[in-house]
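> Need coordinates for the below:
(one chain, ligands or ions: 3)
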Amino acid sequence: MPYKRITLTHFLLQEQRRLGRSGVFTALMTDILTACKMVSHEVNRGALVGNHGVAGSENVQGEEQKKLDVLANDIFLHMNALGGNYAAMASEELEDVHAVHGTAEGRYLLLFDPLDGSSNIDVNISVGSIFSILRLPEGADASKADAFLQPGVQQVCAGYALYGSSTMLVLTTGSGVHGFTLDRDVGMFFLTHPHMTIPADTKEFAINASRARFWEPPVKRYVDECLAGKEGPRGKDFNMRWVASMVAEVHRILVRGGVFMYPKDVENAKKGGKLRLMYEANPMAFIIEQAGGAATTGTERIMEVQPTDLHQRIAVILGSKNEVELIESYHKG
Ligand SMILES: O=P(O)(O)OC[C@H]1O[C@](O)(COP(=O)(O)O)[C@@H](O)[C@@H]1O
Ligand SMILES: [Mg+2]
Ligand SMILES: [Mg+2]
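Ligands and ions are numbered 1, 2, ... in the order given. Prediction:
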């Protein structure tokens, strides 16, 4: 049987030709791939090289940084500056915009969560990296946050790397969602999951149930109905999952369907929710929608939210289309 697998780089070249894009897009994606491979290597080595534990510093969110949060952030900043295609970057781990100096031709902006699921690093549960690419608006000052505050529908590309039993990279450039698996021996990502699509219905939901006492009535109603099973109003039994790594939850939903919720609740309402719009909710919403799913705050399509702050938090409900629309209908009453 002739060898058929194609690499992510060849896939990007084909996309470039198909979409009549310049080579810049393929080049800037290649920088992200390299960063993800390097982070995968560091995650994989774990305690062997002291990559577990805390860094002894806090990020702009007031969260204790893990050593791998800081290392992954450094790797992303360094590798994505080398190519000179980004005018500036923004990260969960940096308060302000990181301008890439000396790159007159940088026409893109990169946002990223260098290490997602940080609470799982030391216990060896899957973690990931999330990224979102925007164009630098004409005449905008790339060193200012305003240049980044574009609604999710403006993204030209979004993706994540999943550092799990295998390392995968899943991305969309606006024409479907494709998954690639890293062959460590060859050092290349190969296309293993072309055209990923999400079933419209599901029997699996994911939410941090320890926050049930804080939930607003629409979420409480939805979860109670799922838990009531086939004797209840939904007439079917549901299963529940919670990995506490958004990347792992979204990947599970892309592979077998489901709904993921990190809603705004009475405890996190003053912060606007838990997850961050610019480098968690928007890239995941783009991927989910491109795979036929839906992504909402409960009352609004996430990708249409006009951002006001680089690190703003937002309610996230995403996954199988019919399920998300049902939850949205409970919010709209
Ligand atoms: O600890 P909780 O409340 O279960 O929250 C888990 C959520 O927080 C996150 O870990 C936040 O992301 P970071 O690890 O990048 O800060 C998500 O990946 C995950 O969905
Ligand atoms: Mg995260
Ligand atoms: Mg993170």
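
> On the three-state scheme, residue 286 is what?
helix (DSSP: H, G, I helix; E, B strand; the rest coil).

> element containing the nearest residue to residue 115 once chain neighbours are set aside?
Spatially, and ignoring its direct neighbours in sequence, residue 115 is nearest to residue 72 (4.3 Å; CB to CB, 6 or more residues apart in numbering). Placement of C-beta: from N, CA and C, glycine included. In this structure, residue 72 is located in helix 67-82 according to DSSP states H and E.

> how far off helix 67-82 does the helix or strand that that helix is followed by point, in degrees?
Remark: after helix 67-82, the chain's next helix or strand is strand 86-91, criterion DSSP H and E. With axes from the mean of the first three to the mean of the last three CA atoms, to 10 degrees applied, the angle from strand 86-91 to helix 67-82 works out at 170 degrees.

> and the nearest residue to residue 183 once chain neighbours are set aside, which of the three is it?
Nearest residue to residue 183, sequence neighbours excluded (CB to CB, 6+ apart): residue 190, at 5.9 Å. Put simply, residue 190 is strand when judged by three-state DSSP.

> and the chain, what are its domains?
8-195, 204-332 (the TED database).

> now check the shortest one, is it near ligand 3?
No: counting by CB under 5 Å from the ion, ligand 3 has no neighbours in domain 204-332; the shortest distance is 8.0 Å.

> May I ask which helix or strand encompasses residue 318?
Using DSSP H and E, residue 318 sits within strand 316-319.

> which neighbours does that strand have in its sheet, and in what orientation?
Strand 316-319 has its sheet partners listed here by DSSP bridges as strand 259-262 (antiparallel), strand 294-296 (antiparallel).

> most neighbours per residue, which of those?
strand 259-262 (a mean of 25; mean count of other CB atoms under 10 Å).

> Run through who's touching that one.
202, 204-208, 219, 246, 249-250, 253, 273-275, 315-320, 323-324, 327 (CB atoms under 8 Å, 6 or more residues apart in numbering).

> Check which residues of stretch 192-211 are buried.
Neighbour counts using 16 or more other CB atoms under 10 Å place 196, 198-200, 202, 204-207, 211 of stretch 192-211 among the buried residues.

> Show me the strands in the stretch 201-333 of the chain, by range?
Here the stretch 201-333 of the chain has its strands, by DSSP state E, counting those that start in this stretch, at 204-206, 239-240, 259-262, 275-276, 294-296, 313-314, 316-319.

> how about the ones you listed, which one is nearest residue 67?
Nearest to residue 67, of all the strands of the stretch 201-333 of the chain, is strand 275-276, at 20.8 Å by CB to CB.

> and that closest one, what does it pack onto?
Applying 3 or more CB pairs under 8 Å, 6 or more residues apart in numbering; DSSP states H and E, one finds that strand 275-276 contacts strand 313-314.

> Is the strand it packs on in proximity to ligand 1?
No: taking CB under 6 Å from any ligand atom as the criterion, strand 313-314 and ligand 1 are apart, separated by no less than 10.1 Å.

> other SSEs contacting that strand?
Going by 3+ CB pairs under 8 Å, 6+ apart, strand 313-314 lies up against strand 275-276.

> got a list of contacts for the strand it packs on?
Residues contacting strand 275-276 (CB under 8 Å, 6+ apart): 61, 92, 113, 246, 262, 281, 311-314, 316.

> Adjacent strands (with direction) for it?
strand 313-314 (antiparallel).

> gap between the strand it pairs with and the chain center?
14 Å (CA atoms, centre = their mean, to the nearest Å).

> Then stretch 251-269?
12 Å.

> Report how many residues lie close to the residue in the chain positioned nearest to ligand 2.
Going by CB to the ion, ligand 2 is nearest to residue 116 of the chain, at 3.5 Å. Using other CB atoms under 10 Å, residue 116 is surrounded by 28 other residues.

> ok, it touching residue 129?
Yes: using CB atoms under 8 Å as the test, residue 116 is close enough to residue 129 to be in contact (6.4 Å).

> Determine the residues that are contacts of both of these two.
160, 247.

> Please list the residues of the stretch 151-300 of the chain that sit near ligand 1.
Of all the residues in the stretch 151-300 of the chain, those lying near ligand 1 are 208, 244-246, 262, going by CB under 6 Å from any ligand atom.

> Among those, which are located in helices?
Among those, the ones falling in helices (DSSP state H) are residue 246.
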